[in-house]
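Q: Build me a model:
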Amino acid sequence: MSENQDRKRSNLLVQVEGVHVMEHIANNYNKVSAFCPDPSDLLIATYPKAGTTWVQETVDLLLHSGDSETCKSAPIPVRMPFLENSARPGIPSGLDLLKAMEPPRVIKTHLPFHLVPKGFWENKCKVIYVARNAKDNLVSYFYFDQMNLTHPDPGPWEGYIQKFMHGQLAWGSWYDHVKGYWEERERRNILYLFYEDMKENPRREVERIMRYLDLSFSDDIISRIVELTSFKSMKDNPMANYTFMSKTIFDLSLYTFMRKGEVGDWMNHFTPQQAEEFDEDYEKKMKHVNIPFRTQL
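A: Below you'll find the predicted structure:
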């Protein structure tokens, strides 16, 4: 690893209202919190590595009637700004991008519910939330943190499990994240999607998103969108697979941004003892909610 990559890996997480985030996001949070969206703006919210890009591309294709060429006009973070992200090599900050765009805009965030700018709720913006079962989300995040040179070094797998369980990763606790949006989904008209449902029946979930956006398309267009948002299609799409990112940010020689996209890959990583300890902790943290997660299909 180069000296420059080593320097970046020295970055530590800091807390904003009890949530661990990267320092550049913490430094920018006051401006992010003050952001006032247009009522026509759409927010796509997720915990990292829960299907964010998949839903972003699905939404973009729906908004452009399945026109893949229009959706390949720019990298996905330019088409759908990452709200809390500050400027990176080749990509302006989320707020700067949003200032230059006319509503309606599609905006991405990993912020937990209580850190989302209040304007989204005051203006009754539509919000799509995507949740992925904890074990697969943990595995995907582990590999992502190895190739994401702007995050702290993830360390060994055994220790990473503990970090996840204690909310010591960027964007904080998975448990608080998925519960926060779940508990507010009806009051805030949040479309709450599950990664596993999208894998099981992508057409059904594309149609759910379509109806939520008050759109209607022919079966042919829906089928085209389902095909264009398949894992293989998106992994081969240079405007969605993050191969456009600077090598100082993502080391794609380690792992690709879209690695497997499977349900149940956690079984290839957890030992029986790790799974038992994780399940016991999960039950304690999730005992007061009944979110229908599935760890295999």
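
Q: contacts and neighbour counts: CA atoms only from here.
A: Will do.

Q: and the residue nearest to the spatial centre of the chain, what pLDDT?
A: Nearest to the geometric centre of the chain sits Thr52, at 3.6 Å (Cα atoms, centre = their mean). Confidence at Thr52, expressed as pLDDT, is 93.

Q: Next up, the contacts around it.
A: Each residue near Thr52 by Cα atoms under 8 Å, 6 or more residues apart in numbering is listed here: Ile44, Ala45, Thr46, Val130.

Q: any idea how far it is from Glu183?
A: In this view, Thr52 and Glu183 are 20 Å apart by Cα to Cα, to the nearest Å.

Q: And Phe231, by the same measure?
A: For Phe231, the distance to Glu183 (Cα to Cα) stands at 30 Å.

Q: of these two, who's got more company?
A: The residue with more neighbours, out of Phe231 and Glu183, is Phe231; 17 against 13, by other Cα atoms under 10 Å.

Q: Kindly list the main-chain dihedrals of the nearest residue in space to the more buried one that is not next to it in sequence?
A: Nearest residue to Phe231, sequence neighbours excluded (Cα to Cα, 6 or more residues apart in numbering): Gly261, at 6.8 Å. Backbone torsions for Gly261, taken as degrees, to the nearest 10, come to phi 70, psi 40.

Q: tally of neighbours for Gly261?
A: 19.

Q: For Cys71, see how far away it is.
A: With distances taken as Cα to Cα, Gly261 is found 21 Å from Cys71.

Q: For Lys163, which residues are in contact?
A: Per Cα under 8 Å, 6+ apart, neighbours of Lys163: Leu169.

Q: Which strand or helix spans it?
A: Following DSSP states H and E, one finds Lys163 within helix 157-165.

Q: Just the mean pLDDT for that helix, thanks.
A: Computed over helix 157-165, the mean pLDDT rounds to 97.

Q: just checking, what packs against the host helix or strand of Ile209?
A: Using DSSP H and E, the element containing Ile209 is helix 202-212. Where contact means 3 or more Cα pairs under 8 Å, 6 or more residues apart in numbering; DSSP states H and E, helix 202-212 is packed against helix 52-63, strand 190-194, helix 195-200, helix 219-228.

Q: ok, 6 Å please
A: Using 3 or more Cα pairs under 6 Å, 6 or more residues apart in numbering; DSSP states H and E as the contact test, no helix or strand touches helix 202-212.
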